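**Q** Got a sequence here, can you build the structure:
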Amino acid sequence: MSSYSFIANYCGSESCVTSVCITPDGARIISGSEFGCLRIQDAYRLSDIGYLKESHSQSITCACISPDGNRLVSGSIDATMKVWNLVDFSLIKTLEGHGAGVSAVCISPDGSQIISGSDKADIFIWDMSILEVLTKMKQSSKVTCLCMSPDGSQLVSGSNDKMVYMWDMSTQSIIATLAGHTACIFSVCVSLDGTRILSGSQTINIWDSKTFALVTTLEGHDLSVCSVCVSPDGHRIISASDDASIKIRDINDYSMITSLTGHVNAIRSVCVSPDGTRIISGSDDGTIKIWGSM
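**A** Purely as a prediction, here's the structure:
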């Protein structure tokens with residue numbers, strides 16, 4: 001696939017779209033909104049399936065789907081996380097304990113653990129089977145984003161103190177602090193081969209995952225980078241920004257492949273379908289857009 005173009009638009013959101021994710025089979029898109037609603041859509045028929053009942057009382061900040069596609073974890077500024085059954089769309093449990101807004105969630109590659117971060121700078125590790133806290137960790141400032149390495153051995157966290165933190169999951173301790181950004185970190189991810197860490201702020205920084213050295217800095221967006229991810233084949237970097245654009249770059253030489261425009265307000269979240277043929281973006285303009293490969 002050489003490029004992407006706009007193919008569909010989901011309208012009708014009652015507020016800003018703050019989070020988008022797609023199930024591992026690529027069949028359903030789940031989005032979170034500023035009004036605390038979780039919306040489910042058919043990714044092929046481009047139609048609404050419905051809403052998850054008993055959603056959050058305040059804005060949803062993050063959502064993540066388990067590797068088997070059976071569970072969804074959502075986080076909100078209402079200081080709770082909710083775990084959902086994606087088979088029958090029922091609420092399994094509401095998780096409390098952070099005592100502040102839940103700003104980030106991710107799930108371990110084997111699906112056994114949930115990792116959550118909060119505005120109080122704490123990070124909790126939860127057992128997915130019993131939905132209880134196993135470990136509590138803390139960084140120096142608000143947790144803004146989280147991502148685990150493909151092998152589950154390391155955790156990457158971003159903060160509003162401009163730092164990226166690397167954690168050893170076996171010891172639950174910080175093993176490196178990556179300094180180089182000049183503003184809040186909004187998004188982090190790890191390349192599929194585990195060799196590179198990507199962090200989005202005013203720019204995108206690429207770090208070596210072994211030496212933790214800064215490899216390069218990618219510019220191109222006019223405003224903050226809110227979301228960054230890597231395509232399932234590991235060949236592309238996809239970033240979304242407050243400037244309402246999506247940039248696609250080659251992960252090997254970091255060259256710009258294309259820029260996607262169409263949203264009229266900041267893009268808060270972006271993800272890629274498992275087969276790599278579609279990019280899904282959610283924006284403050286209240287829409288979800290689907291971009292297809294050419």
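**Q** Could I have the CA atoms of stretch 141-152 written out in CSV?
**A** Written as CSV, here are the backbone C-alpha positions of stretch 141-152 (Å, rounded to 0.1, in the frame of the first residue of the first chain):
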residue,chain,number,x,y,z
SER,A,141,4.2,14.2,37.3
LYS,A,142,0.8,13.5,35.6
VAL,A,143,0.7,10.3,33.5
THR,A,144,-0.4,11.4,30.0
CYS,A,145,0.0,8.2,28.0
LEU,A,146,1.1,4.5,28.3
CYS,A,147,2.4,1.7,26.0
MET,A,148,4.0,-1.7,26.6
SER,A,149,6.8,-3.2,24.6
PRO,A,150,5.7,-6.1,22.3
ASP,A,151,7.3,-8.6,24.6
GLY,A,152,5.7,-7.1,27.7
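**Q** What residues sit buried inside that stretch?
**A** Neighbour-count burial for stretch 141-152 flags 142-149 (criterion: 16 or more other CB atoms under 10 Å). Glycine gets a C-beta too; all of them are placed from N, C-alpha and C.
**Q** Could you check how far it is from the centre of its chain?
**A** The chain centroid and the centroid of stretch 141-152 are separated by 10 Å, computed with CA atoms, centre = their mean, to the nearest Å.
**Q** ditto for stretch 200-215
**A** Relative to its chain's centre, stretch 200-215 lies at 17 Å (CA atoms, centre = their mean).
**Q** Stretch 137-147 too?
**A** Offset of stretch 137-147 from its chain centre (CA atoms, centre = their mean): 14 Å.
**Q** And for that stretch, what's in contact with it?
**A** Under the contact criterion CB atoms under 8 Å, 6 or more residues apart in numbering, stretch 137-147 has outside partners 103-106, 115-125, 155-161, 163, 165, 167, 172-174, 184-190.
**Q** Give the PyMOL command for selecting the buried subset of those.
**A** The buried subset of those, as determined by 16+ other CB under 10 Å, is captured in PyMOL by this line:
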select buried, resi 103+104+105+106+115+116+117+118+119+121+122+123+124+125+155+156+157+158+159+160+161+163+165+167+174+184+185+186+187+188+189+190
